[in-house]
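Chemist: Make a model of this:
(one chain, ligands or ions: 2)
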Amino acid sequence: MYVHIDTVILRHLEMELKSPFTTSFGTMKTRPVLLVEAIDENGERGWGEGVAFSAPWYTEETLETTWHMLEHFLIPLLFQAPIHHPDELRTRFSMIRRNYMAKAALEGAVWDVFAKRHRMSLSAALGGEKREVEVGISIGIQPITNLLKRMEQALAEGYRRVKIKIKPGWDVDVVRVVRQHFPDVPLMVDANSAYSLHDIDRLQALDDYDLLMIEQPLAVDDIVDHAKLQAKLNTPICLDESICSYEDAKRAIELQSCRIINIKIGRVGGLTEAKRIHDLCQQHHIPVWCGGMLEGGVGRAHSIALATLPHFSLPSDTAASANYWDRDFIDPEVTVHHGRIFVSKQSGIGYEVNMKEVERRVVRSKIYKRAKG
Ligand SMILES: O=C(O)CCC(=O)C1=CC=C[C@@H](O)[C@@H]1C(=O)O
Ligand SMILES: [Mg+2]
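Modeler: Ligands and ions are numbered 1, 2, ... in the order given. Predicted structure coming up:
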């Protein structure tokens, strides 16, 4: 069966975060969402989500660059020919350099159409096996009393792992206080590239606190210094920003730059590449987990489906919708029960897009139609 995508609709939504999210590179109060709707020749609708932020602080992409790449390059490439399987888009889009979040947003919508056309859940279409996924929570930088209170609340809600942000001057002391209050909680830190090899003493000091991992301590595009650092740390390094492709993951594994990899669909260019990285890590016994990008409900649904693949062994950053927003734009919203999300058996992403909630937040939209004939 071939899928002809006839229409793509882009919508820019602004989502108000319940509480500002602070990391080593800044604070976010609202989260822009680029919602991608793909409609095939039968009227089947699939949804994808662009996860780039409004400024290029996480990677080089922004919502604006994503929109530009979709409008001028990726949607025209998609319209060029029908597809037999979404995996084909990885090759078709390969002539476009990088712009992974833009590629992932469109590819994700096509995956949703494909799964619906085959009356399968996205999880099943990807080869997912789990009926539920374990969930962790990521807590931004905030005054220590607020951090401890938020952790207390998250653990009471059943989250299976807590991730806290660190940066120079907000690291060893904070982790020590957290450990004093929560000696046994599964705990990890995310540095978002705030350190260099000159900080090795501070990073080695974290070895005393039984952390699950230290996420992305060094430069966003580095795997060489991370290998030098990992050789001096007992705590596993988890790479996030450094891994944008299967090839990056292959090099990082060969150089022993990390012992864990965080897979994010948008960062690596889509579900097909995410699955390839998952399979590579499975072959090399490198644990993986599904990272988060403060996604809206559609991006969260895609992450949940990905996290059902067999080698995802660590809790995902796919917390409940209520952790981020007063109201998500999907029905039902994502909920977490005793630290787990039950995977929907519905076809496609497993959630309905609530157009009333979408329209409330849309600041811009545009329709793209395939020229017939
Ligand atoms: O989506 C979530 O709940 C986790 C978000 C999160 O921790 C991150 C999102 C984007 C960039 C970073 O700040 C951080 C990460 O690197 O994982
Ligand atoms: Mg990270």
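Chemist: Now do Gly48 against ligand 1, distance only.
Modeler: Counting by C-beta to the nearest ligand atom, to the nearest Å, the separation of Gly48 from ligand 1 is 17 Å. In short, each C-beta sits where N, CA and C put it, glycine included.
Chemist: Correction: the previous question concerned Leu211.
Modeler: The value you get for Leu211 to ligand 1, if C-beta to the nearest ligand atom is used, is 15 Å.
Chemist: number of nearby residues for the closest residue to that residue other than its chain neighbours?
Modeler: The shortest distance from Leu211 to any non-neighbouring residue, by C-beta to C-beta, 6 or more residues apart in numbering, is to Thr235 (5.0 Å). Other residues within reach of Thr235 by the criterion other C-beta atoms under 10 Å amount to 21.
Chemist: what about Thr235, distance to ligand 1?
Modeler: Distance from Thr235 to ligand 1, counting by C-beta to the nearest ligand atom: 17 Å.
Chemist: Give me the three-state assignment for that residue.
Modeler: Secondary structure for Thr235, judged by DSSP: H, G, I helix; E, B strand; the rest coil, is coil.
Chemist: correct me, but it touches Asp208?
Modeler: No: using C-beta atoms under 8 Å, Thr235 is not in contact with Asp208; the gap is 9.5 Å.
Chemist: Overlap of the contact sets of these two?
Modeler: Listed contacts common to Thr235 and Asp208 are nil; contacts here mean C-beta atoms under 8 Å, 6 or more residues apart in numbering.
Chemist: tell me the contacts of Met293?
Modeler: Applying C-beta under 8 Å, 6+ apart to Met293 gives the contacts Val51, Tyr58, Lys264, Gly266, Arg267, Gly299.
Chemist: Let's see that with 7 Å instead.
Modeler: Neighbouring residues of Met293 by C-beta atoms under 7 Å, 6 or more residues apart in numbering: Val51, Lys264, Gly266, Gly299.
Chemist: surely Phe25 meets Ser193?
Modeler: No: counting by C-beta atoms under 7 Å, Ser193 is not a contact partner of Phe25; they are 8.2 Å apart.
Chemist: Which one's more surrounded, those two?
Modeler: Ser193 (21 against 14).
Chemist: coming back round to it: the contacts of Met293: which two are farthest apart?
Modeler: Lys264 and Gly299 (9.6 Å; C-beta to C-beta).
Chemist: Please enumerate the strands of the stretch 201-350 of the chain.
Modeler: 214-215, 237-239, 260-263, 288-290, 330-331, 340-342 (DSSP state E, counting those that start in this stretch).
Chemist: Give me every residue in the protein lying close to ligand 1.
Modeler: Within the chain, the positions adjacent to ligand 1 are Thr23, Tyr58, Ser138, Asp190, Asn192, Asp240, Gly291, Gly292, Met293, Leu294, Asp317, Ala319 by C-beta under 6 Å from any ligand atom.
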